[in-house]
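A.B. asks: Predicted model and sequence below, questions to follow.
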Amino acid sequence: MLISVTEYIHCSDVVFQFEFATYSNVPANDISIWYQFPQYIVITAGEVLFSVTGLSFAYTQVLYHDTLL
């Protein structure tokens with residue numbers, strides 16, 4: 001079943017038309033959500049490695065008297 005609603009917005013001489021649709025009876029997904037787990041692990045490890053590398057590089061580039069703070 002498809003329910004469609006059309007709305008018109010009048011702004012001066014221009015007419016904008018928006019269509020909103022609601023879909024129902026969508027079949028369930030057969031793929032398990034656990035397939036995302038390895039992807040999250042890889043992304044998290046990459047972010048940690050990138051962050052540590054960036055922080056260590058920034059720390060080596062700072063002047064000595066700034067590191068005493």
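C.D. replies: In hand now; what should we look at?
A.B. asks: Residue 60 - how many residues pack around it?
C.D. replies: Around residue 60 there are 8 other residues, counting by other CB atoms under 10 Å. Any C-beta I mention is one placed from the backbone N, CA and C, and that applies to glycine too.
A.B. asks: If I look at it, what pLDDT would I see?
C.D. replies: The score at residue 60 is 84. That number is its pLDDT.
A.B. asks: Then residue 52?
C.D. replies: For residue 52, the model assigns a pLDDT of 93.
A.B. asks: who touches it in this structure?
C.D. replies: By CB atoms under 8 Å, 6 or more residues apart in numbering, the contact list for residue 52 is empty.
A.B. asks: Report the buried residues of the top helix by length along the chain.
C.D. replies: For the chain, the longest helix by residue count, based on DSSP state H, is helix 37-61. Of the residues in helix 37-61, none count as buried by neighbour count, 16 or more other CB atoms under 10 Å.
A.B. asks: residues touching residue 51, list them.
C.D. replies: By CB under 8 Å, 6+ apart, residue 51 has no neighbours at all.
A.B. asks: Pull up the gap between it and residue 60, please.
C.D. replies: 15 Å (CB to CB, to the nearest Å).
A.B. asks: Where does the prediction get shaky in this protein?
C.D. replies: 1-21, 23, 64-69 (pLDDT under 70).
A.B. asks: Can you give me the end-to-end span of stretch 26-34?
C.D. replies: Chord length of stretch 26-34, first to last residue, is 21 Å (CA to CA, to the nearest Å).
A.B. asks: ah, wrong one, I meant stretch 22-41
C.D. replies: End-to-end distance (CA to CA), stretch 22-41: 35 Å.
A.B. asks: What residues of it count as buried?
C.D. replies: Quick answer for stretch 22-41: no buried residues (16+ other CB under 10 Å).
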